[in-house]
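Engineer: fold the following.
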Amino acid sequence: MLPRENGYMAEYRIALPLLPVSLARCEPHSYALPSGGTGGSPSLLPETGYRTMANVQLDNIRKVYDNGQVAVHGASFEVADGELMVLVGPSGCGKSTLLRMIAGLEEISGGELRIGARVVNDVAPKDRDIAMVFQSYALYPHMTVAENLAFGLKLRGESKEVIARRVAAAADTLGLTPMLDKLPRAMSGGQRQRVALGRALVREPAVFLLDEPLSNLDAKLRHSVRTEIAQLHRKLGTTMIYVTHDQVEAMTLGQRIVVLKDGLIQQIDTPMALYDRPANLFVAGFLGSPAMNVLHGQLIEEGGLQQLQLADGSRVPLYGAHVASQWLHRPIAIGVRPEHLQPSADGQGGFETTVEVIEPVGNEIFVNLSYGSQPLVMRVAPRTLPGLGERLRVAVRGEALHFFDAESGERLEARDSGLGTRDSELQ
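Structural biologist: Presented below is the predicted three-dimensional model:
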């Protein structure tokens, strides 16, 4: 048995070379060693020219704890072979629980999980041909980078030749070759996370699972490591499932994104489809920074022109769009992205707001406005900088409006009204 060292669990005790104590202690069974030896799965590493093929299918996957709490309600989707799928949502939405069920670290309460052609509900984690990377680097402080990369392979009984080849290939892929003799304490956070990725890579799994791997990094490192993960995925072409609460990570990394809330899937689509056509108010507000502006009111119509009447009696004419007449005199919400608000070109149209806060971020400026009690955010170029406290007339691009049922939050479809695409304005 190996001793504990600086808070890390002994490897031989539970066979969890990738897990820190805080995660390892949650599960008594072993994890992290895919089946097979030197004659196992095809290599993921670039110089071999071939890789393991695997998709992941979830069919009505549910998680219910003994106390009756439902963590995941019937999740169904497929991650295609070679796809990078991101699971995103706020804390407690079920994204990490879902990933842990795929890994085998959480028991599945119902539904069917397939990795490749196999149903793996009852397959031990070590036999699922997966590798998992966590936000904690879980590196052994007394081991060099090369030793950290090789450790899991040694436990698996791989030959020295196989270990040397895989460590060298992973180090080359991740830019770690000059650091192979370094100890973790001599490396930056981003470099340590690359070593953690390397330990997963040398095992040549069919599927990579990444659970908030960038959470411990500062903003600059998050950007650089995020770029490295995207490049690694393009280079390897292997299946990856990535969990994050950060919508920027989700939008920049994912080929498709699963948005979750309270254990329920809200929408699955490509990043730009989610941004341009959110299925409900939650998705509209969660994706995008700053969040979408939302105005609540009642839909009315005068002279063939639909308008949103706000609580204070002011109205937003809906030029360029028309919502089904069944929604007349019912509460709806309209949403508009900050970049689709703009100062009125002639200072006459639009609606009058007050500039409350100005947030310059370099090549653009976020202007926080108030319209009565309604806060709004507008994105502008630096040359259009308004003054604090200034009364500013703001126009809305009618074709950029999103419509939602105010009660259910679900998206409402609108058609071209035939009235042109004039800027909407409050009256």
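
Engineer: contacts and neighbour counts: CA atoms only from here.
Structural biologist: Noted.

Engineer: mind listing what the residue lying closest to Q57 once chain neighbours are set aside touches?
Structural biologist: Spatial nearest neighbour of Q57, chain neighbours left out: E78 (4.4 Å); criterion: C-alpha to C-alpha, 6 or more residues apart in numbering. Going by C-alpha atoms under 8 Å, 6 or more residues apart in numbering, E78 touches N55, V56, Q57, L58.

Engineer: restricted to strands, list those.
Structural biologist: V56, Q57, L58 (DSSP state E).

Engineer: closest to V72 among those residues?
Structural biologist: In terms of C-alpha to C-alpha, no member of these lies closer to V72 than L58, at 11.9 Å.

Engineer: for that closest one, name its beta-bridge partners.
Structural biologist: Following DSSP bridges, L58 is listed with bridge partners F77, L113.

Engineer: who wins on neighbours among the contacts of E78?
Structural biologist: V56 (23 neighbours; other C-alpha atoms under 10 Å).

Engineer: let me have the contacts of E78 in JSON lines, extended by distance to R391.
Structural biologist: Listed next are the contacts of E78 as JSON lines, based on distance: C-alpha to C-alpha, whole Å:
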{"residue": "N55", "distance to R391": "55"}
{"residue": "V56", "distance to R391": "54"}
{"residue": "Q57", "distance to R391": "54"}
{"residue": "L58", "distance to R391": "53"}
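
Engineer: TSV for those, including pLDDT and distance to L155?
Structural biologist: Formatted as TSV, the contacts of E78 follow (pLDDT from 0 to 100; distance: C-alpha to C-alpha, whole Å):
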residue	pLDDT	distance to L155
N55	96	27
V56	98	27
Q57	98	30
L58	98	31
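
Engineer: farthest pair in these?
Structural biologist: Pairwise distances across the contacts of E78 (C-alpha to C-alpha) peak at 10.2 Å, for the pair N55 and L58.

Engineer: mind listing the shared neighbours of the two?
Structural biologist: Joint contacts of N55 and L58 (C-alpha under 8 Å, 6+ apart) are E78, R114.

Engineer: can you map out the helices along the stretch 201-350 of the chain?
Structural biologist: Taking DSSP state H, counting those that start in this stretch, the helices of the stretch 201-350 of the chain run over residues 219-236, 247-253, 271-276, 281-286.

Engineer: mind putting those in JSON lines, mean pLDDT included?
Structural biologist: JSON lines is the format used below for the helices of the stretch 201-350 of the chain (pLDDT from 0 to 100):
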{"stretch": "helix 219-236", "mean pLDDT": "88"}
{"stretch": "helix 247-253", "mean pLDDT": "94"}
{"stretch": "helix 271-276", "mean pLDDT": "96"}
{"stretch": "helix 281-286", "mean pLDDT": "97"}
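
Engineer: ok, the ones in strands among the contacts of E78 vs L214, which is closest?
Structural biologist: Closest approach between the ones in strands among the contacts of E78 and L214, by C-alpha to C-alpha: V56, at 23.4 Å.

Engineer: tell me who's in contact with the nearest residue in space to V294 that is not next to it in sequence.
Structural biologist: Excluding the flanking residues, the one nearest V294 by C-alpha to C-alpha, 6+ apart is G335, at 4.3 Å. Neighbour list for G335: A284, M292, N293, V294, L295, L401, H402, F403, F404 [criterion: C-alpha under 8 Å, 6+ apart].

Engineer: tell me what G335 is bridged to.
Structural biologist: G335 has these beta-bridge partners by DSSP bridges: V294, H402.

Engineer: one more: A414?
Structural biologist: For A414, the beta-bridge partners are V323 (DSSP bridges).

Engineer: correct me, but it touches H322?
Structural biologist: Yes. A414 is within contact range of H322, at 5.2 Å (criterion: C-alpha atoms under 8 Å).

Engineer: looking at the two, which one has more neighbours?
Structural biologist: H322 (20 against 15).

Engineer: per-residue pLDDT of that one, please?
Structural biologist: pLDDT for H322: 79.

Engineer: likewise Y137?
Structural biologist: Y137 is assigned 77 on the pLDDT scale.

Engineer: contacts only, for it.
Structural biologist: P20, R192, Q193, V195, A196.

Engineer: for T238, state which of those is nearest.
Structural biologist: A196 (17.1 Å).

Engineer: distance of the spatially most central residue of the chain from M179?
Structural biologist: Nearest to the geometric centre of the chain sits A250, at 2.9 Å (C-alpha atoms, centre = their mean). The spacing between A250 and M179, counted by C-alpha to C-alpha, to the nearest Å, is 30 Å.

Engineer: kindly report the same for L308.
Structural biologist: In terms of C-alpha to C-alpha, L308 sits 61 Å off from M179.

Engineer: what do you get for K160?
Structural biologist: Distance from K160 to M179, by C-alpha to C-alpha: 20 Å.

Engineer: next: A54.
Structural biologist: 32 Å.

Engineer: more neighbours: those two, which one.
Structural biologist: Per other C-alpha under 10 Å, whichever of A54 and M179 has more neighbours is A54, with 22 against 17.

Engineer: how many neighbours does the closest residue to that one other than its chain neighbours have?
Structural biologist: Of all residues not flanking A54 in the chain, G116 sits nearest, at 4.5 Å (C-alpha to C-alpha, 6+ apart). The criterion is other C-alpha under 10 Å. On that basis, G116 has 19 neighbouring residues.

Engineer: offset the numbering so it begins at 290, please.
Structural biologist: Got it, first residue is 290 now, which makes that one G405.

Engineer: just checking, G405 touches N344?
Structural biologist: Yes. Counting by C-alpha under 8 Å, N344 is a contact partner of G405 at 5.1 Å.
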